[in-house]
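Engineer: Task: produce atomic coordinates for the following.
(chains A and B, ligands or ions: 2)
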Amino acid sequence: MDTGTLIKMLWEGLLQTMYMTLAGTFVAYIIGLPIGVSLIVTSSNGIKPIPIYNKIVGFIVNVVRSVPFLILMIALMPYIRKVIGTGIGTGATTAALIVAAAPFVARMVEQSLLEVDPGVVEAAQAMGASNMQIIRKVLIAESVPSLLNGGAVATITILGYSAMAGAIGGGGLGSIAIRYGLHRFQPAIMWITVVVLVILVQLMQEIGIKIATKLDNRIN
Amino acid sequence: MSDHIISLQGVSKEFDTKNGKITALKDIDLDINHGDSYGIIGLSGAGKSTLVRTINLLEHPTEGKVLFDGKILTGLKNNDLNLSRRKISMIFQQFNLLMQRDAIGNICFPLEIAGYPKEEAIKKAKELLKVVNLEDRANSYPSQLSGGQKQRVAIARALASDPEVILCDEATSALDPKTTRSILALLKKINEERGITLVVITHEMEVIKQICKKVAVIENGQIVERGDVQEIFTYPKTQAARKLFFPVGENKEVFASGKTSTRHRLRLVFDGRSAYEPIISEMIMELQAPVNFLYADMDVIGDQQKGQMVICLADDPQKAEQQKEFLRKAEVDFTEIIEEGEGA
Ligand SMILES: Nc1ncnc2c1ncn2[C@@H]1O[C@H](COP(=O)(O)OP(=O)(O)O)[C@@H](O)[C@H]1O
Ligand SMILES: [Mg+2]
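Structural biologist: Ligands and ions are numbered 1, 2, ... in the order given. The predicted model follows:
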């Protein structure tokens, strides 16, 4: 393979990986963030305790989280095929990533919101804030730095999932690594993808921490 | 307008815990007038916080009614309750400021909640920063402020919604004595100049002495004594009140000295203008029996000077009786110090 083709292939793999990771993370947050918030709000010392909801949703989240990603993806394949027409490639992988990552994101969000001092929530209640105002202006606003840190961790985790998906025809850098490293015995290409993945992870981590620290007014 | 700004009627509160029910408040009746500066004092665990938190229904009473300016709060729908809560501000021991907002942002918070236009809110917040003497720290975050400054921001935030009442739950307990005095002075000024009712929860007598006109003593979830601070200071009726009014710090010594002897100890209270030393020296001379001075102190309560003194009477019970008779004749206010367990 000449260098031009190699670079083109890696570039496309990189784009696919980025697409799956970012789109997957984005949608996982759209689903996971409200779930995470709802778990905090409905917990026994939350602002609106609803024990039954909390137990059921907490249980579902735990179940999905405890299934290893590859197994979850294989299990989901028939359903994904029914919905989007194919069980392999970036589209199918992204769909699986969302299902796997949303509960993970929910727990990350829950952890971040747990850091908010209950005293501050109470102060807002004493001022006559509605639950919606408390969620927006206290719980979420106060944990923005922590949510961003969590966002970086979630993105990196989802990147890892997307690479794993390569093993079962998921597309992206993961597929390239498997194809060339395992099936065609070209370890050099595999190592290049590994390096690219490492750089991606480092970048996301650094960017996440930088922004989070910059926005955090607790440490000055 | 109702007679009482706050009225608790037969309020009880039980907590269900793993170890069974805890009764934090038992059948509390409490009326607080407009413009009062009302202290609620008791030892740790007495139920003070629970009591003050029932006033704005952060804690829902198991039984009884809470009225705010004649309106029954217990049983109100969330929206209506939230409207009333805007007129009852609260400040806390741990300040409870939003860590991600600067001073101005914190003060704007209650105004945002009430739907104030942003510019008006900022204008008002700036004025309030002046009231609490912090105009130069408008853009400081709580992490950049000292405890006293944080409490000033919290007070400005409490004032933002033009409240009728400010509830203070151990508002100075995390502060050093000097800062405590300045925060109390600020609260007193707010009470006097703006007519805002203060409800002051504390375990420290000093706080009551400095800013309260009325006080209720709470013990085991019940109000055991209440009235004017001056009155209770001079004639504490219950053991709980006596204990709280006895000299702080020296308390241990005063009590310890009694544990090892059976001698009588008396607490004398006098107003700042009269001096009791001459009377006591006269008593010693006349009866030819010694007394021991255990403690003497001058206090300013509200705007009056009060002195208190703890003395130990003669060992001989007969002499001690004569000494008491002497003091009674001389019209000295005194109370006997009775050990815990001997009854009040
Ligand atoms: N949320 C709660 N759950 C269970 N017990 C509580 C709760 N809040 C207070 N208590 C109990 O109620 C009693 C009074 O507490 P509190 O009002 O905080 O006292 P204080 O403020 O006078 O120290 C204590 O025995 C305390 O343990
Ligand atoms: Mg307390």
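Engineer: Give the full set of residues in contact with A:G87.
Structural biologist: Shown in contact with A:G87 (C-beta atoms under 8 Å, 6 or more residues apart in numbering or on different chains): A:77-78, A:80-81. Backbone N, C-alpha and C define where each C-beta goes, glycine included.
Engineer: run the last query once more with 10 Å
Structural biologist: A:73-74, A:76-81, A:93, A:95-96, A:168-169 (C-beta atoms under 10 Å, 6 or more residues apart in numbering or on different chains).
Engineer: A:V194 and A:A177 touch, don't they?
Structural biologist: Yes. Using C-beta atoms under 10 Å, A:V194 is in contact with A:A177, at 6.8 Å.
Engineer: So for these two, which residue has more residues nearby?
Structural biologist: A:A177 (23 against 15; other C-beta atoms under 10 Å in any protein chain shown).
Engineer: Check which helix or strand the nearest residue to that one once chain neighbours are set aside maps to.
Structural biologist: Spatially, and ignoring its direct neighbours in sequence, A:A177 is nearest to A:T193 (4.2 Å; C-beta to C-beta, 6 or more residues apart in numbering or on different chains). A:T193 belongs to helix A:187-215 when assigned by DSSP states H and E.
Engineer: how about the nearest residue to A:V67 once chain neighbours are set aside, phi and psi?
Structural biologist: What sits nearest to A:V67 in space, not counting adjacent residues and going by C-beta to C-beta, 6+ apart, is A:A75, at 7.4 Å. Main-chain dihedrals, A:A75, degrees, to the nearest 10: phi -60, psi -30.
Engineer: Just say helix, strand or coil for B:V310.
Structural biologist: Assigned with DSSP: H, G, I helix; E, B strand; the rest coil, B:V310 falls in the strand class.
Engineer: pLDDT wise, what is it at?
Structural biologist: We have a pLDDT of 81 for B:V310.
Engineer: so what's B:T172 up against?
Structural biologist: B:91, B:93, B:147-148, B:151, B:179-184, B:187, B:200, B:202, B:204, B:206-207, B:210-211.
Engineer: do B:Q9 as well
Structural biologist: B:27-31, B:61, B:63-67, B:72, B:74.
Engineer: from what I can see A:V121 touches A:E142, true?
Structural biologist: Yes. A:V121 is within contact range of A:E142, at 8.9 Å (criterion: C-beta under 10 Å).
Engineer: Need the overlap of contacts for these two.
Structural biologist: Common neighbours of A:V121 and A:E142 (C-beta under 10 Å, 6+ apart) are A:L113.
Engineer: So for the contacts of A:G87, which is the shakiest by pLDDT?
Structural biologist: Where pLDDT dips furthest among those: A:G169, at 82.
Engineer: and that one, what does it touch?
Structural biologist: A:77, A:86-89, A:92-93, A:175, A:178-179.
Engineer: same thing but 8 Å
Structural biologist: Counted by C-beta under 8 Å, 6+ apart, A:G169 has contacts A:88-89, A:175.
Engineer: for the residue nearest to B:K48 when sequence neighbours are not counted, helix, strand, or coil?
Structural biologist: Distances taken as C-beta to C-beta, 6+ apart put B:I201 closest to B:K48, at 4.6 Å, once the chain neighbours are dropped. The three-state label given to B:I201 by three-state DSSP is strand.
Engineer: on that earlier part again, could you provide the contacts of B:Q9 in JSON lines, with additional columns for distance to B:V165?
Structural biologist: Output for those, formatted as JSON lines (distance: C-beta to C-beta, whole Å):
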{"residue": "B:D27", "distance to B:V165": "23"}
{"residue": "B:I28", "distance to B:V165": "17"}
{"residue": "B:D29", "distance to B:V165": "18"}
{"residue": "B:L30", "distance to B:V165": "13"}
{"residue": "B:D31", "distance to B:V165": "13"}
{"residue": "B:P61", "distance to B:V165": "18"}
{"residue": "B:E63", "distance to B:V165": "23"}
{"residue": "B:G64", "distance to B:V165": "19"}
{"residue": "B:K65", "distance to B:V165": "17"}
{"residue": "B:V66", "distance to B:V165": "12"}
{"residue": "B:L67", "distance to B:V165": "12"}
{"residue": "B:I72", "distance to B:V165": "16"}
{"residue": "B:T74", "distance to B:V165": "16"}
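Engineer: May I see the residues you listed organised as TSV, with secondary structure and pLDDT added?
Structural biologist: Formatted as TSV, those follow (DSSP: H, G, I helix; E, B strand; the rest coil; pLDDT from 0 to 100):
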residue	secondary structure	pLDDT
B:D27	strand	96
B:I28	strand	97
B:D29	strand	97
B:L30	strand	97
B:D31	strand	97
B:P61	coil	97
B:E63	strand	96
B:G64	strand	97
B:K65	strand	96
B:V66	strand	97
B:L67	strand	97
B:I72	strand	96
B:T74	coil	94
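Engineer: okay, which residue is most central for chain A?
Structural biologist: A:A154 (3.7 Å; C-alpha atoms, centre = their mean).
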